[in-house]
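A.B. asks: Sequence first, then the predicted structure, then my questions.
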Amino acid sequence: MNSSLSEAVIAGADAADLALLPLPASFPAAAVRASDVDMFEGVEDKDVRKSLFVENVPMPELAPDEALIAVMASAINYNTVWTAMFEPLPTFQFLKEMGKIGGWEERHDLPYHIVGSDASGVIVRTGSSVRKWKVGDHVSISPAYVDEQDPDTHRDGMLGQGQKAWGFETNFGGLAHYALVRASQLMPKPPALTWEEAAVNPLCASTAYRMLVSERGARMKQGDIVLVWGATGGLGSYAVQLVRNGGGIPVGVVNSEEKASLLRSLGCDAVINRAEILGGDDMLLQRAEGWKKMGRAIRELVGEDPHIVFEHVGSKTFPASVFLARRGGTIITCGSSTGYDHTYDNRYLWMRLKRIIGSHGANFHEQWEANRLIAMGHVVPALSKTYRLEEVGAAARSVQTNQHIGKVGVLCLAPRPGLGVTDPQARARVGEERLRLFRR
């Protein structure tokens, strides 16, 4: 038996040994500090490498409905960039509101915020009310942190007033050696995947699933043409796969020939390089001239206007999205990475009977459905690059400056990439080339 819990997890110790070893008093975690919230005032380039630190933090106490996860790998999402920029508001405000609830929620109100909304790892402790999970289980983590005592949660987990994004609106997130999660966030890790491959999927894959497939989203059907902005990004790469799996026709938008080539390898035959169509002038996306150029390009590729526009970019693309959806079409939106203030020509919405649907995250059932598709090999991870935890600032910076494709992984306790596969036969059936598509 190893001398420390972290060493034992890395060595693959059995559940009995893990349960006997004491918890460390502290552990390394990526965090921002409340004392730094004003550091970017008046600064144009809010470089997250200056605000995101890896430091030792105390081990928090475990609530009855929680599990303590030894995090093998995590990932960067744009909400970590927002947290580290302290925009659109410092996330310490979320933590203070949690603290006001009292009870176990008071633990979250701290002068540091441990970030990260994706993770895979090993359960090392369970609270007294956790029934379906045990120490030693390999898990992926759903980022939806819901209030099970809210009646609206039982209609849809994303509707409850207490719903939060774990590691963004809560503390003790996944970019750390250990993380606290509720039992209602736990999913089985796909056994064909490595730790880092499993870590990058939960947030983006399930969000795309809800947007496109769920009855609460666009309800995509066979033959639907779906315009996907940022089609080689974290969300877009999963959207393209889900559209193809569901018998739809994805039209992927990218900004370089390199990304266009990757998209074709993913099976997306209709690809638009907006740099070519718009002559490198993205400001045309704000004007009818640019919308019409995009519309002509789409019709040349697939012969029709899109039934659905998969929108997450925000102010930069939203005017074009409203224009480009066909009469009676749907714009499904889950975010605004380029800005929240959307200006569009409302005539194209009301006179052509289009719909805008807001979508946020995914409820637990949708999470499980997306995770099942990944475990079956029908959806492959969008992992493009992996950093070590001590490099988390550089990893987040690559996402902040859009220098990445797919998803950026972060090794936490896992000492190197490639570990964690427990079903090599299943991996062989999926195919190493498919699984490594974004890392070629």
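C.D. replies: Received, thanks.
A.B. asks: What strands flank the lengthiest strand in the chain, and is each parallel or antiparallel?
C.D. replies: The strand that spans the most residues within the chain, counting by DSSP state E, is strand 66-76. Here strand 66-76 has these sheet partners by DSSP bridges: strand 119-126 (antiparallel), strand 178-182 (antiparallel), strand 407-411 (antiparallel).
A.B. asks: buried sites along that strand?
C.D. replies: For strand 66-76, a neighbour-count test (16 or more other C-beta atoms under 10 Å) marks 66-76 as buried. Just so you know, the C-beta spots here come from the backbone N, C-alpha and C atoms, and that holds for glycine as well.
A.B. asks: show me where the stretch 301-440 of the chain has strands.
C.D. replies: Here the stretch 301-440 of the chain has its strands, by DSSP state E, counting those that start in this stretch, at 308-311, 330-333, 355-358, 383-388, 407-411.
A.B. asks: Which elements pack onto the third one?
C.D. replies: Contact here means 3 or more C-beta pairs under 8 Å, 6 or more residues apart in numbering; DSSP states H and E; on that basis strand 355-358 packs against strand 330-333.
A.B. asks: Please tell me how far residue 113 sits from residue 25.
C.D. replies: As judged by C-beta to C-beta, to the nearest Å, residue 113 and residue 25 stand 20 Å apart.
A.B. asks: who's more crowded, the two?
C.D. replies: Between residue 113 and residue 25, counting by other C-beta atoms under 10 Å, residue 113 is the more crowded of the two (26 against 8).
A.B. asks: Hmm, that one is touching residue 31, no?
C.D. replies: Yes: judged on C-beta atoms under 8 Å, residue 113 makes contact with residue 31 at a distance of 5.8 Å.
A.B. asks: Can you report how many residues neighbour residue 297?
C.D. replies: Neighbourhood size, residue 297 [other C-beta under 10 Å]: 19.
A.B. asks: contacting residues around it?
C.D. replies: 272, 277 (C-beta atoms under 8 Å, 6 or more residues apart in numbering).
A.B. asks: any idea which element it lies in?
C.D. replies: helix 288-302 (DSSP states H and E).
A.B. asks: And the next helix or strand past the longest strand of the chain?
C.D. replies: Taking DSSP H and E, what comes next after strand 66-76 is helix 78-85.
A.B. asks: got the buried residues for the helix or strand that that next one is followed by?
C.D. replies: Next along the chain after helix 78-85, taking DSSP H and E as the criterion, comes helix 92-101. Within helix 92-101, the residues scored as buried using 16+ other C-beta under 10 Å are 92, 94-95, 98.
A.B. asks: Repeat that for stretch 430-439.
C.D. replies: 430, 435, 437-439.
A.B. asks: Please apply the same query to stretch 33-49.
C.D. replies: 33-34, 36-37, 40, 46-48.
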